[in-house]
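K.L.:
here is a sequence together with a model predicted from it:
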Amino acid sequence: MTNQEHIMHTCPACGLLCDDITGEAIAKQQFSCGKAAKFYARTTSGAQPQVGGKNVPLEDAVKAAAGLLNQAEAPLVAGSSTDVHGARALVNLAQHTGAAMTHLNASSTLRNMKVLQHRGWQTTTLTEVRNRADVILMIGTDVVTHNARFFERVVWVNDAMFTEPAARKVIYLGGDKLNTKPGVAPDGRAPEVIECASEHLPEVMATLRALVMGKPVTADTVAGVAVSRLKAVAETLKAAQYATLVWVSKDLHYDHAELTIENITETVVALNQKSRAMGLSLGGSDGDTSVNYAHTWLNGVIIDAPEWESHDAVVWVNSYSPDAMPPAGTSPVIILGAPDSKFETAPAVFIPVATPGLDGNGQQFRVDGSVTLPLIAAKPSDLPTLTQVVAMIQAQLQGDLA
Amino acid sequence: MITLLKNAKVIDPAHNKDGVVQDIYIRDGRIIAKPADSEKIGQIYDLNGKIVMAGAIDMHSHIGGGKVNIARMLLPEYQAMRKLEEPEAHICGANCSHHATPNTTDTGMRYIEMGYTAAFEPAILAVNARQAHMEMGDTPMIDKGGYAMLGNDDYLLRLLSQNADQKTINDYVAWTLHATQTIGIKVVNPGGISAFKFNERRQDLDQLHSYYNITPRRILQALSRAVNEIGIAKPLHVHCNNLGVAGNFQTTLDTMGASDGLPMHLTHIQFHSYGTEGDKKFSSAAANIAEAINNNKHITADVGQILFGQTVTASGDNMMQHLNAKVANPKKSVIMDIECDAGCGVVPFKYRDENYVNALQWAIGLEVFLSVDDPWRVFLTTDHPNGAPFTSYPHLIRLLMDKSFRNDAFDKLNLDAQAMSNLKSLDREYSLYEIVTMTRSAPAKLIGLQDRGHLGVGAAADITVYTDQADKEAMFAKPDLVFKDGELVVKEGKVVKVVWGATHTAKPAFDNSVEKDIKQYFDRYHTMQMQNFKISNDHIAEDGRNHVINHAQG
């Protein structure tokens, strides 16, 4: 018996961070989630550092990266698809090179952050939902497109401390091309689905908030949705033991969608005057929560979304998204990232680094923000960590200065 | 190499030294006895009679973890750009912080610059401990540690409601200390955070929890006994029920009796010393509270002084913070339920001296300080950042040491509040010896840091050198020298060398068979594996900056 067989791995392929992945499942590629399957199928062997598309020793690639950063007047650290340790290294690199720093998911992260910084919010976490929620309202999202095992791990569970899991009421309110099948209860009971295109969620969500707050609503329909149905939803939420209002920032991708999110969170605030309800923001990954959190405690401020045009060199980190590349035309690009990165044009410098949870260890924040989990290399490799490579680049930069 | 601090005027209450001029020898980060004449002295600092004391220890300061980081995120308007100098600039970006929401670098730097060499995060949610340690690991210069929150976690409440035996509770408490790498146990609004999840809005000490049918008093009994029986030094750290409520002093007095005479620490007691007298039905009960502390030798307390200005309150007490959110300034707040473990509430506040309640809160805190006789049992805190940022400690010290300065400040308060306070009749001025007791010796003893908070042979060489000045605020704001583990890290109030400190823990022996039931609970109800809840020494030491110092107990 080896230890390896008994280690449960934490899968960083989405923000849910399922930590029940056995070594056996990884070896046999047996997963109930497509994202996990794709993540653990990645091969990381054989990648070599490159400069200008040609294989070079690591030291040479580090020198080239440092040289580019030395010349750059306004570098940008972007992608930032990594874990907490990688985030620390990138914040440090940004400080030392005067670089701005952003993340692949900055636009969806900032949509939530705008709400937080404007009004705050009242939210909960997965274990609370698992044990308490009797009504789950999914607003503009099916969640499963992002977090495939949400219903399996949180909703239709065998045991809950304070509610009967199989009796939960699931309501979908709006959204485009949703997969509502996972919302069907174990006994075949269908979820309530209130159809409305995402673009109409602003007025529908505003109406629902008004109804929860007891404001008069005179219209019969809003964006094609009968107000009587929304009234019923409002009453269901008010009568709930623990209503959970779920959104995924990435699914609310229209202008000023933060106002819709604020209508969700302020609905929760209104409900909590008399009953109990909480918001739950899901989706997330590429380490977005980790990078935003670590950036905040290290710098005192959240992650930013600077303009690409104003930068003259980009450090691109794509550990969890080998396909992700900076916008076309960005140059020069220094990739410190996925060994299986897919680029059409060779970047100026490419240094493959270990991916936390795949071939390296690490620590990652779950999407609900309070839980952090250790990541263990499922297929250990000899690749350096992002921390190590950044340290080498910084040592080189200091040497160049000296 | 041996370092010699020559002609030090030592104030070291742990050894009853009050201004004894002596030499201090340091080797390998420790204070040593006078070496043989044949031994070479590498470095000599002639202090010419400057005041020398151990590094200060903040035994209650919210320096890391979920709610602190939420406060940073919530309040971008507090942030400002600042031009930093080396060596601070080497590890900190220019984006620097309001002192209520400092980033991790800022936290360590500002502490050490005042002569503080350790700070303890008093409210680590067990499930969030990994984050708290990550943030504390990124906090330079000082030592860190934390108290794990229990008493609203469904695991313990289930045990109590099922009448589990005390041994099971003891083992669970000890297991939690190990799993979370903490040095003490805290309970916040016992049962109340949980009750809020069941739509209760208040939880009184002897009121049955609506679901579990147990009282907060029972929770306090069980936890204070557990802490005592597993033999850790730090008494149960108690944030009482009814935080901030007019009339809550009675709850506080009753809470003192809840541990059946076992040691208990009541935290930020200023927020729990309110009466209901006067037109505004809000009055000072500091005299009652101080008298009770004086009479109950098993009780210690820190004050949680408020000082005027903008700050943010970050608490595990989401039940009471949900009520406080109505008076948030600026008008925003975060309230969370967390993992069947606890909760949090982050509410920005602006304390104003012209406001009746705020002015009286200020006076109440000082009344408590000045009316508790024993400086070994009352601790200097602002409950950073809840009452005020920790950077205001020098100001607070002057308020305690300088009666005319205090009275001048009092004269500026809201007049109705002045009429309701006896502060001006309190003539006491704290001595330097008493300040050193309450900021060094007493916290080290309370937490169980045998080798900190004093200057005896064998102690860690965390040492602060001050020039005695009439203006104690100026004196304590800017030490001449600070040594951390024997290294000179601050000169003239400025950091000259970056060090990273360590994390202090307590890991008492326990019966690990308790883990079988805990694992079953995790498997049945949680969304993470029990294994991942536990934090290893390696995780603390990751990225090479931090390490664990475990303190043998008993």
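P.N.:
It's in. Residues are numbered from 1 along each chain as shown, chains lettered A, B, ... in the order given.

K.L.:
quick one, helices of the stretch 1-150 of chain A?
P.N.:
For the stretch 1-150 of chain A, the helices defined by DSSP state H, counting those that start in this stretch cover A:3-6, A:23-28, A:34-40, A:58-71, A:84-97, A:106-119, A:126-132, A:150.

K.L.:
now swap in the stretch 151-300 of chain B and tell me
P.N.:
B:154-161, B:166-180, B:192-197, B:216-230, B:249-256, B:286-295.

K.L.:
okay, angle between the second one and helix B:216-230 too, please.
P.N.:
Relative orientation of helix B:166-180 versus helix B:216-230 (axes from the mean of the first three to the mean of the last three CA atoms, to 10 degrees): 80 degrees.

K.L.:
what mean pLDDT does helix B:166-180 get?
P.N.:
Mean pLDDT, helix B:166-180: 98.

K.L.:
now swap in the fifth one and tell me
P.N.:
This predicted structure assigns helix B:249-256 an average pLDDT of 98.

K.L.:
the last one now?
P.N.:
This predicted structure assigns helix B:286-295 an average pLDDT of 98.

K.L.:
neighbouring contacts of it?
P.N.:
Contacts to helix B:286-295, defined as CB atoms under 8 Å, 6 or more residues apart in numbering or on different chains, come from residues B:249, B:252-253, B:256, B:269-270, B:272-273, B:275, B:299-301, B:363-365, B:367-368, B:371-374, B:377-378, B:422. Using the backbone N, CA and C atoms, a C-beta is placed for each residue, glycine as well.

K.L.:
residue A:217 and residue A:208 touch, don't they?
P.N.:
No. The pair formed by residue A:217 and residue A:208 falls short of the contact definition of CB atoms under 8 Å, at 9.6 Å.

K.L.:
ranking the helices of the stretch 1-150 of chain A by burial, who's on top?
P.N.:
Sort the helices of the stretch 1-150 of chain A by mean neighbour count, taking mean count of other CB atoms under 10 Å in any protein chain shown, and helix A:150 sits at the top with a mean of 27.

K.L.:
what is the helix or strand following that helix packed up against?
P.N.:
Next helix or strand after helix A:150 toward the C-terminus (DSSP states H and E): strand A:169-173. On a contact count with 3 or more CB pairs under 8 Å, 6 or more residues apart in numbering or on different chains; DSSP states H and E, strand A:169-173 meets strand A:135-139, strand A:192-194, helix A:201-212, helix A:227-239.

K.L.:
same list (those) but as JSON lines, adding mean pLDDT and distance to chain B.
P.N.:
Putting the helices and strands packed on strand A:169-173 into JSON lines (pLDDT from 0 to 100; distance: least, CB to the nearest CB, whole Å) gives the following:
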{"stretch": "strand A:135-139", "mean pLDDT": "98", "distance to chain B": "14"}
{"stretch": "strand A:192-194", "mean pLDDT": "98", "distance to chain B": "24"}
{"stretch": "helix A:201-212", "mean pLDDT": "98", "distance to chain B": "16"}
{"stretch": "helix A:227-239", "mean pLDDT": "98", "distance to chain B": "12"}
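
K.L.:
phi, psi for the one residue in the stretch 451-554 of chain B that gets nearest to chain A please.
P.N.:
Nearest residue of the stretch 451-554 of chain B to chain A (CB to the nearest CB) works out as residue B:527 at 4.3 Å. Note on residue B:527: backbone dihedrals following degrees, to the nearest 10 are phi -110, psi 20.

K.L.:
now do the contacts for the residue most central in space within chain A.
P.N.:
Centroid-nearest residue in chain A: residue A:284, 1.5 Å away (criterion: CA atoms, centre = their mean). By CB under 8 Å, 6+ apart, the contact list for residue A:284 reads A:14-15, A:105, A:108, A:146, A:250, A:367.

K.L.:
now do 7 Å
P.N.:
A:15, A:367 (CB atoms under 7 Å, 6 or more residues apart in numbering or on different chains).

K.L.:
for it, helix, strand, or coil?
P.N.:
Secondary structure, DSSP: H, G, I helix; E, B strand; the rest coil: residue A:284 is coil.

K.L.:
run through chain B and note the low-pLDDT ranges.
P.N.:
Low-confidence segments of chain B (pLDDT under 70): B:93-97, B:554.

K.L.:
next: the stretch 151-300 of chain A.
P.N.:
In the stretch 151-300 of chain A, no residues with pLDDT under 70.

K.L.:
go again using 90 as the cut-off
P.N.:
A:253 (pLDDT under 90).

K.L.:
can you list the residues of it near chain B?
P.N.:
A:153-154, A:159, A:161, A:272, A:275-276, A:278, A:293, A:296-300 (CB under 7 Å from any CB of the partner chain).

K.L.:
which ones among those residues lie within helices?
P.N.:
Among those, the ones falling in helices (DSSP state H) are A:293, A:296-299.

K.L.:
residue A:374 is in contact with residue B:528, correct?
P.N.:
No. If you go by CB atoms under 7 Å, residue B:528 and residue A:374 don't touch, sitting 10.5 Å apart.

K.L.:
can you map out the strands along the stretch 251-400 of chain A?
P.N.:
A:277-282, A:313-318, A:333-337, A:349-352, A:362-365, A:372-375 (DSSP state E, counting those that start in this stretch).
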